[in-house]
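J.: any chance you could fold what I've pasted below:
(one chain, ligands or ions: 1)
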Amino acid sequence: MSTLNVAIIGHNFMGKAHSNAWRNAGRFFDLPTTPVMKLACGRDQESLKHFASGWGWEETTSDWRAAVARPDIDVVDICTPPDLHAEIAIRAAENGKHIFCEKPLALDSTQARAMLEAAKAAGVTHYLNHNYRRVPAVALAKQLIDEGFVGTIYHWRSAYLQDWIVDPSFPLTWHLRKERAGSGPHHDLNSHLIDLARYLVGEVRTVSATSTTFVKERPLPGAGAATFSAGSGGRGELGEVTVDDATFLVATFDNGALGSFDVSRFAPGRKNHNTFEIYGSDGSIVFDLERMNELQVFSRHDPSHAQGFRTIIVTEPNHPYMNAWWPPGHLIGYEHSFHHAVADFVNAVVRRERIRPDFEDGLRETQVLDAALTSAASGNRVTISYD
Ligand code: SOE
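T.: I've put the predicted structure just below:
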């Protein structure tokens, strides 16, 4: 397989981040085959053609069903809002395409299970792009945990806070409608935290969640309403917000640890504040995406007069992924985690190996998301039975 022809569906923020990675990952990582940016698919033809020419996609189409059926396409990259993920992924699998899908996997567990079953039946590679697993500092945290640095894990404390929706004049985009997004920051951001918790701590067994919606009506979006900036651009009419604006949950893990997950897009000053703290019998690890090249660690085995949190600058060549980039101290950014995902995905496709997180991880993550929604609605703690 000398090339992998890629079709991307969706061309906004994630479309750009993925395009950058498809175009450049092979320049920094020795890939066993060359990804070809073959086909870009979207609804707005003018912006699609601008996107395709800017990023180097060879062709464009408005027909995703035809795109995923083309015999010359090997990989389908799904960058649409979550409500389209299931139909596209299942159709792509049925056509024998490998699938690179943005998070969250699906609107609910029923969709997630159907996606997993279709991908397994087709024998294709299926990847769920929780890119933060592939931030070097996060991958180093995993390495340290596996080496026993923290020992038995007692606590997982996490938060994912942003502020781009706090302005009541922000329009009613798809992110604020349940039928499009599944939920608000719960699907958007807790999906990331749950994936990181599963990666670093283990399976979640029970959840107790509380949600609220602060702004219950918003201006309907005008044409091309900006996704992440305030200002309505709307037509003056108001529409109902049908998702949470914030969800806080407490969880227990199979390994006995206790966890907390706080997500909100109403936290002024928090721009992309994805943070976790892990406390164990032997030590602690703390990560903050807004300082993504750093990892804070504490070891109880340091000499007592020298104990304290210390900062690791995660840019050494022996740190995960970093030997592909720059000399120590030369920091990398958000976009590099997508390069790492594309490189690992291409290797998994060629080697016919599982890449994590995949749709099975996505199903379990969605079962946690669903359980939390059930808990928030009932006020009761919910136990998850992964069947
Ligand atoms: C918006 O909350 C968003 O773009 C998420 O959808 C992404 O998954 C996250 O990485 C950055 O913020």
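J.: and the helix or strand containing Ile145, does that touch the ligand?
T.: If you go by DSSP states H and E, Ile145 is part of helix 136-146. No: shown here: helix 136-146 not in contact with the ligand (C-beta under 6 Å from any ligand atom), separated by at least 12.6 Å. C-beta here means a position set from N, CA and C on the backbone, and glycine is covered the same way.
J.: check stretch 348-365 too.
T.: No: counting by C-beta under 6 Å from any ligand atom, the ligand is not contacted by stretch 348-365; separation bottoms out at 13.0 Å.
J.: secondary structure class for the residue of the stretch 51-200 of the chain found nearest the ligand?
T.: Proximity of the stretch 51-200 of the chain to the ligand (C-beta to the nearest ligand atom) peaks at Asp188, 4.7 Å away. For Asp188, the assignment made with DSSP: H, G, I helix; E, B strand; the rest coil gives helix.
J.: contact partners for it?
T.: With contacts defined as C-beta atoms under 8 Å, 6 or more residues apart in numbering, Asp188 is in contact with 104, 175, 181, 263, 265.
J.: give me the subset of those lying in strands.
T.: Val263 (DSSP state E).
J.: let me have the contacts of Asp188 in TSV, extended by neighbour count and distance to the ligand.
T.: Below are these laid out as TSV (neighbours: other C-beta atoms under 10 Å; distance: C-beta to the nearest ligand atom, whole Å):
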residue	neighbour count	distance to the ligand
Pro104	28	8
His175	23	7
Ala181	22	9
Val263	29	9
Arg265	24	6
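J.: wait, which of the contacts of Asp188 is closest to Gly15?
T.: Using C-beta to C-beta, His175 is the member of the contacts of Asp188 that sits closest to Gly15, with 15.9 Å.
J.: please report how far the closest one lies from Tyr132.
T.: In this view, His175 and Tyr132 are 19 Å apart by C-beta to C-beta, to the nearest Å.
J.: now do the buried residues in the lengthiest helix in the chain.
T.: Determined from DSSP state H, the single longest helix within the chain is helix 359-378. Within helix 359-378, the residues scored as buried using 16 or more other C-beta atoms under 10 Å are 359-373, 375-376.
J.: and what of stretch 151-160?
T.: 153, 156, 158-160.
J.: mind pulling up the pLDDT for the residue of the stretch 51-200 of the chain closest to the ligand?
T.: Note on Asp188: pLDDT of 98.
J.: now do Asp167
T.: Per-residue pLDDT puts Asp167 at 97.
J.: same question for the one 10 residues further on.
T.: You'll see Arg177 listed with a pLDDT of 98.
J.: mind checking what secondary structure the closest residue to it other than its chain neighbours has?
T.: Spatial nearest neighbour of Arg177, excluding adjacent residues (C-beta to C-beta, 6 or more residues apart in numbering): Thr242 at 5.5 Å. Assigned state for Thr242: coil (three-state reduction, three-state DSSP).
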